[in-house]
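*Asks:* I'd like to go over a predicted model; first the sequence, then the structure.
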Amino acid sequence: MDSLRKAVLADEWSETVSEQDSHNQRVVAFAPTPQDARLCAKILTENKISVHCCETIESFADTILQGAGIALIAQEHLTDAAIARLKVALDQQPKWSEVPILVLLQPGDPDSKLLKRVLSIEHVTLINRPLRIAVFLNTVQAKLRDRLRQFEVRDLLLEKDRTETQLRREARRLDMAIQAGGMAPWEWSKTHVYWSGAFRRLHGFGKDVSPSESAMFASIVEEDREEIAQQWSSAIEQNVSFRSEFRINHPKHGKRWLVAVGEPIKSKSGKTLRYTGLQWDITERKTAEMELRQSHETFRRLINDNPQGLYVVDADFRMRYVSAGARTVFANAEPLIGRPFGEVMRTIWPNEFAEEAIRVFRRTLETGEPYVAPPLVERRVDTNETEAYDWSIERIVLPDNRHGVVCHFYNNTQRQQSVDSLRESERYFREIADASPAMLWVTDKNHMCTFLSKNWYKTTGQTQTEGMGLGWTNATHPDDRERAGQEFLTAAEARQPVLLEYRLRMADGNYRWAVDVGQPRFDSEGAFAGYTGYVIDVDDRKAFEQSLEQAKVTAENANRSRGEFLANMSHEIRTPMAAILGHADILKDHLKDPDNIQVVETIRRNGNFLLNIINDILDLSKIDSGKMQLETERVRPDGLLAEVRSLMDVRASEKHLPLKIEFDGPIPDLIETDAVRLRQILLNLVGNAIKFTDSGEVKILVSYEGPEGRDDDDASRDSTKLEREDANHCRLVFQIVDTGIGIKPEDQASLFEPFVQADSTSTRSFGGTGLGLAICRRLAHALGGDVSVESTYGRGSTFTLVIEAVSSGRLVEPNLLIDASAENVEEDIQLSANILVVDDRRDIRYLAQHFIEKAGGNVVTATNGKEAIDIICGEADSNVDLIVMDMQMPVMDGYEAATELRRRGCELPIVALTANAMKSDRDECLAAGCTDYTTKPLDSQKLIAMIDRLLKS
């Protein structure tokens, strides 16, 4: 039966079902002979059995496919081919159909092999011949009844399947509806809890959470949990439906609003077996409800708190909302909210106007057509005063989704008074404008001139007609007109103030310079309304500015000449000093007698002293002329101080003075600043302290102030530096304290001026140019800080250096054992190279040659750049490995020579010799093609180290 049911279901929609049903009691016969066929048909027809006789096996098989109750065939027709054809027809039957086959055996014993082949056909029944009519009919009728039951069973199964299919479809539709609505089914009983997958997703429950009542309630927010638990318990106790709205804490989506419904499933006796229900997310609805409430409240407040005249009449024709401005007007009609609109109108206005207003309001409420009333001038009934109003109405949708009418009105009485006041103010403005010595003007939003004071017409000679619109531009000089117009339009498009300078034509036809100043105007709503401004004559000031500009050009030319003079003086002074000091070193190496050595040392010491004086003068001049540039690098402040102490210890030891360095806590491990200039300031200040101290001590106190420790109101700090500061900017404070002679109070004010010392006695006693402190202060300013002094005469002084720097942000304990020298020169360097030395000064060539040959190198010399080019490029077997060349020489200087050598393909290292030590000088040398540079006076160790480094690289 199960296989039959499956077969029926498989062929549920077969197109042959109706045809088979019409022939389910038909006998399809293939009789032994045509005569037997007629006899068989007669017998069956007489017994009311439908019969169809066939004459060939093909028609027999085809007729079975068309539909048959049973099939009847004679044994002699069942050849192998016929059996195969019959099986094909039976295989094409629906799977539920089992067509009975009646085989009429031939008289006698059947052949076993033939019989086996016949029985290989399914559902075969054998009938012996000769036939016994009664047995034959009973067999046929029995098989037809079996066949009829097959169709009945098929119909029952089809009907059942259709019902089940319909139920499944309905279930699927319900499931789809639940899913589309985001609903999550659940079931609860005292012994079992069921959560659907949608339920788990709704609450954010993972697979590790077992369905339980406690787990479900645990997901509810604490504020709602107790109330929902009581509602659930009450529903269970009363066996009634359950519905509630609550919030949950979703693990991913936070707080969400849910609604839960449940229905009790009861037994026939009325006992509740379980609850089944749904939950779904209503967060969006709740949010919308909240927004609607807020919108309603906002709408109410916007109207109620509005100072303008505004009220709303609802669909029931009652006053629904009244603004603060309207309540002031309707003060005699309190209370207003909820009162009929007609009653309020009749209380305030005469009956005729009140009835007209009521009619207009009703028309707008019904049709939605807005209404703008003509100006209203009426005597009020409640105040007996005549008032003027502008008013209009329109239909709106109120928060309850019903229509209402909103009325906007404005008291024209006060506005008329304002208009009168404005007209009076305009009269005053014109009188003041005409009395002003400046030429006043006003434009509209399209930049057309709408007003010019009388002074404009008097000054320019234009008439009022000529000046209006854009006519005023005709009074400007033709060469200035396009520029001034463009500058005005650029400012006007940005709604910015206008400041123009142009030549204005006077009434006598001459032109004078004028300044035109304008400010944008905006109306009460913030819309651009045009410009107001004034024009003043600045021709005298312009002439003065031109004279200042000429003076500036003259000063810049003088400053440029001074710079060129300083550069030349630097070269002319440093070059002979280089020869003096260098030859003193050479002479010292040849002397044995101590007295002679002492004489040479005196020459060197005074030469260095003279060089320091020259350096101070040149440094101060370069600072003042703006030629000094800072070179920022990363340096350890404690290492730099260790270097300062190392350099100054000898001088302090000569006077038996201890030189101490103390730190007030940790300092940055690295700072970014100009280490050379910072070292120069410290050496100068410490040198002064040692020079002016005969007993006691000299001490350097160092403290660090991070970003939080800076005083941002310090007037000495530049505002542009403040804008650049970030979290890594810091302040380092160096206090150089001595116990020396001190400084008189009256001398402290001028101490940092150039060429100034405490007094002439100090100058004679201690020496110096008086430039050191001036240079220190200027350098400190360049480093973002300052130098100041506190001193008690006869007891000592404290010089405080403050600099701004960028720190690494990491603080460390100071370590004075660190060597922070930027360059460690190797003392024992041996050269094995041919060096070309180019200088117009014989003594400098000799000095450089001496240093290089002493280090093992070979030297070739030249007196100018042209000779150097001839040596390098003119000799095919030139063995020069490196060039040392002065930059200032006759015939061809070093800049031109280096450029020419590079142009000709020379790749040898070129070391530039220059008397200038500024960064701009170095950049100029490198730009000309030099590889590196060094300054005069020559430092033998530095020169040899540089040559060795360049040869190796």
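*Replies:* Cool, got the structure.
*Asks:* buried set for the helix or strand where Arg225 lies?
*Replies:* Arg225 belongs to helix 222-238 when assigned by DSSP states H and E. Within helix 222-238, the residues that qualify as buried by neighbour count (16 or more other Cβ atoms under 10 Å) are Asp224, Arg225, Ile228, Trp232, Ala235, Ile236. C-beta here means a position set from N, CA and C on the backbone, and glycine is covered the same way.
*Asks:* Is it possible to get TSV of these that adds distance to Arg541 and pLDDT?
*Replies:* As requested, the buried residues of helix 222-238 are arranged in TSV below (distance: Cβ to Cβ, whole Å; pLDDT from 0 to 100):
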residue	distance to Arg541	pLDDT
Asp224	79	89
Arg225	82	90
Ile228	84	89
Trp232	90	90
Ala235	93	89
Ile236	97	88
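*Asks:* Please name the nearest non-neighbouring residue to Tyr933.
*Replies:* Once flanking residues are discounted, Tyr933 sits nearest to Ala912: 3.7 Å by Cβ to Cβ, 6 or more residues apart in numbering.
*Asks:* Contact partners for that neighbour?
*Replies:* Taking Cβ atoms under 8 Å, 6 or more residues apart in numbering, we find Ala912 in contact with Met885, Met887, Gly894, Ala898, Cys925, Ala928, Cys930, Asp932, Tyr933, Thr934.
*Asks:* Check Asp516 too.
*Replies:* Ala484, Val498, Leu499, Leu500, Glu501, Tyr502, Gly533, Tyr534, Val535.
*Asks:* can you count the residues close to Ala805?
*Replies:* 23 (other Cβ atoms under 10 Å).
*Asks:* can you tell me which helix or strand the spatially closest residue to Lys286 that is not a sequence neighbour belongs to?
*Replies:* Closest residue to Lys286 apart from its sequence neighbours, by Cβ to Cβ, 6+ apart: Trp257 at 4.2 Å. Under the criterion of DSSP H and E, Trp257 resides in strand 254-266.
*Asks:* what residues does that strand touch?
*Replies:* 186, 188, 202, 221, 235, 239-250, 272-283, 285-286.
*Asks:* circling back to that earlier point, name only those of the contacts of Ala912 that count as buried.
*Replies:* Buried, going by 16+ other Cβ under 10 Å: Met885, Met887, Gly894, Ala898, Cys925, Ala928, Cys930, Tyr933, Thr934, out of these.
*Asks:* returning to what we had before: list of residues touching the helix holding Arg225?
*Replies:* By Cβ under 8 Å, 6+ apart, helix 222-238 touches Phe217, Ile220, Ser241, Phe242, Ser244, Phe246, Arg247, Gly262, Thr272, Tyr275.
*Asks:* Which member of those residues is positioned nearest Ala84?
*Replies:* The shortest gap between Ala84 and any of the contacts of helix 222-238 belongs to Tyr275, at 65.3 Å (Cβ to Cβ).
*Asks:* any chance you could map the helices in the stretch 651-800 of the chain?
*Replies:* 675-691, 719-724, 745-748, 760-766, 772-782 (DSSP state H, counting those that start in this stretch).
*Asks:* Quick one: find the helix or strand in the chain with the lowest mean pLDDT.
*Replies:* In the chain, the helix or strand scored least confidently by mean pLDDT, DSSP states H and E is helix 719-724, which has a mean of 42.
*Asks:* okay, now Gly69: neighbour count?
*Replies:* Gly69 has 25 nearby residues by other Cβ under 10 Å.
*Asks:* so who does it touch?
*Replies:* Neighbours of Gly69 in contact, by Cβ under 8 Å, 6+ apart: His23, Asn24, Gln25, Arg26, Val27, Ser50, Pro100, Lys143, Leu144, Arg147, Leu148.
*Asks:* and which of those residues is nearest Ile348?
*Replies:* Using Cβ to Cβ, those come closest to Ile348 at Asn24, 94.6 Å.
*Asks:* what helix or strand does the closest one sit in?
*Replies:* Going by DSSP H and E, Asn24 is not in any helix or strand.
*Asks:* Give me the sheet partners of the strand holding Trp257 and which way each runs.
*Replies:* strand 242-250 (antiparallel), strand 272-281 (antiparallel) (DSSP bridges).
*Asks:* so which of those strands gets nearest Leu115?
*Replies:* strand 272-281 (63.6 Å).
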